[in-house]
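Participant: Dropping the sequence and predicted coords here.
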Amino acid sequence: MTGHTLNRDWLGLVLRADGIAEYRDAATHHHRAGLVGRTLSVTSMMLVGFVVVSSAIGIARSRPQVTAERDALRTRALAEQQLTAEAEARYNSARAMLRETQDAVRPDLNGALARSLDTQSMVAGFTALHGPGLIVTLENSRRPTFSGTTDLGRVIDRDVQHVVNGLWAAGAEAVSVNDVRLTARTSIRNAGGAILVDYKPVAVPLRIRAIGNANDMTRKFKSLPEWSELTQLQDRYRIRWSVASAADLKLPAGSSVLPTSARPVGGS
Amino acid sequence: MIPALGLLIGVVLGVVLQPAVPLWMQPYLPIAVVAALDAVFGAFRALLEGVFEDRVFVVSFLSNVVVAAFIVFLGDQLGVGAQLSTGVVVVLAARIFSNLAAIRRHVFKA
């Protein structure tokens, strides 16, 4: 056989190399099956059975283990979520108390001080707000665009950041992502496959609400690089998004912590 | 007949003892299983053709398993373990199919 034919038929060669030739060769030499050979072949067969069954059992055994680990992890995550919810409830009731106290002392404050308090707590995201504005909806692509094992058609933290930054730059007065109010200290980031806003997981479709003059915001938003970024997301990865104006949006109060290092300049 | 009995004993031993596979052996186990199956199907075909030989079976079984394990080990050291494992599985699976086809022809005459 020339090298050329060998090259062309290497797959056929592999497929035909089934080991029977070895048996045929040996058969022509008429070796009598000795006791040692027989014992070894029986032992080999035992080994085969043993190995096959052991691996099958190993697979069967590891499966429930994986499930159990996942369940344990899930239980822990749910317990932590419960703890967070409880802490948040305590925080909210403390805030309600604070509000009551503020309301109680309000008559004693002069007008300017009261207004300043209102503005500050509004800007800091301490008060639930309502008003006209825009709703930007972000949703994963219907069909995944894989790069390796990563699906690029999924909404990630950066996309949300783009929208939020764009809305702020377009003049939004208050912004929330899926009912999580954004303050100066709210983070938007990815943790594994999930998007965390203020350390709370938010699920797609993401509704980003921004209070402000809808027409002005739309006009400004369209002129920003964040808008073309969104357009590119749609063109490249088929991420779905839309902008709609709303007459009355309700934004909850933020749960962000108070500043600890920052002090007002020249404040009392 | 006696080797088949050996196979049965091995299966029973595996079921009864339920050995825990050591961690370092786990990458080799799937390859070892496929290599062992290849040797068994080869032996069964030889048996049907009347040319079965204990010596050939033992040598082919041991060399199959050892060489397959060595290739996987080498691949792991070189960082191409998955690719080499795939290669070994493809070749052994092709042999198994080829032997199965011969067995089928013998048993069903089709």
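Facilitator: Yep, that arrived. Numbers count the residues shown, from 1 in each chain, chains lettered A, B, ... in the order given.

Participant: Below-threshold pLDDT in the chain: ranges please.
Facilitator: Chain wasn't specified; assuming chain A. Chain A contains residues with pLDDT under 70 at A:1-11, A:13-17, A:30-33, A:256-258, A:267-268.

Participant: Wait, chain B was what I had in mind.
Facilitator: Across chain B (using pLDDT under 70), the flagged ranges come out as B:1, B:110.

Participant: Could you pull out the helices in it for me?
Facilitator: B:2-17, B:29-49, B:54-78, B:81-108 (DSSP state H).

Participant: Show me what counts as buried in the third one.
Facilitator: I take that to be helix B:54-78. Neighbour-count burial for helix B:54-78, counted by 16 or more other Cβ atoms under 10 Å in any protein chain shown, picks out B:54-61, B:64-65, B:68-69, B:71-72, B:75. For the C-beta atoms, the positions are set from N, CA and C on the backbone; glycine is no exception.

Participant: same check, this time on the first one
Facilitator: Neighbour-count burial for helix B:2-17, with 16+ other Cβ under 10 Å as criterion, is recorded at B:3, B:6-7, B:9-11, B:13-14.

Participant: out of the residues you listed, who's near chain A?
Facilitator: Checking these against chain A by Cβ under 8 Å from any Cβ of the partner chain, the ones in range are B:3, B:6-7, B:9-11, B:13-14.

Participant: The residue nearest to the spatial centre of chain B and A:Ala262, how far apart?
Facilitator: Nearest residue to the geometric centre of chain B (Cα atoms, centre = their mean): B:Ala36, 1.7 Å. Separation of B:Ala36 from A:Ala262 (Cβ to Cβ, to the nearest Å) stands at 70 Å.

Participant: same check, this time on A:Asp216
Facilitator: 30 Å.

Participant: which residue sits closest to A:Phe126 in space, ignoring its chain neighbours?
Facilitator: A:Ala253 (5.9 Å; Cβ to Cβ, 6 or more residues apart in numbering or on different chains).

Participant: Is that neighbour part of a helix or strand, or is it coil?
Facilitator: Look at A:Ala253: counting by DSSP: H, G, I helix; E, B strand; the rest coil, its state is coil.

Participant: Run a quick neighbour tally on it.
Facilitator: A:Ala253 has 20 neighbours, counted by other Cβ atoms under 10 Å in any protein chain shown.

Participant: on that earlier part again, just give me the closest of the buried residues of helix B:2-17 to A:Leu196.
Facilitator: B:Gly14 (47.1 Å; Cβ to Cβ).

Participant: Was I right to think that closest one contacts A:Val48?
Facilitator: No. Using Cβ atoms under 8 Å, B:Gly14 makes no contact with A:Val48, being 10.1 Å away.

Participant: quick one, strands of the stretch 51-200 of chain A?
Facilitator: Listed in chain order, the strands of the stretch 51-200 of chain A (DSSP state E, counting those that start in this stretch) span A:129-139, A:146-147, A:150-151, A:174-177, A:180-181, A:188-191, A:194-197, A:200-202.

Participant: Among those strands, which comes closest to A:Ala94?
Facilitator: Checking these against A:Ala94 by Cβ to Cβ gives strand A:180-181 as the closest, at 17.0 Å.

Participant: just to revisit the earlier point, who's in contact with the residue nearest to A:Phe126?
Facilitator: By Cβ atoms under 8 Å, 6 or more residues apart in numbering or on different chains, A:Ala253 lies in contact with A:95, A:125-128, A:181.

Participant: Report the buried members of those.
Facilitator: A:125-127, A:181.

Participant: Looking at chain B, which residue is nearest chain A?
Facilitator: The nearest approach of chain B to chain A comes at B:Gly10, 2.5 Å away (Cβ to the nearest Cβ).

Participant: Excluding chain neighbours, what is closest to that residue?
Facilitator: Once flanking residues are discounted, B:Gly10 sits nearest to A:Gly49: 2.5 Å by Cβ to Cβ, 6+ apart.

Participant: same deal with B:Ala102?
Facilitator: With Cβ to Cβ, 6+ apart as the criterion, B:Ala102 has its nearest non-adjacent residue at 4.9 Å, and that residue is B:Arg45.

Participant: now do A:Val155
Facilitator: Closest residue to A:Val155 apart from its sequence neighbours, by Cβ to Cβ, 6+ apart: A:Leu138 at 5.0 Å.
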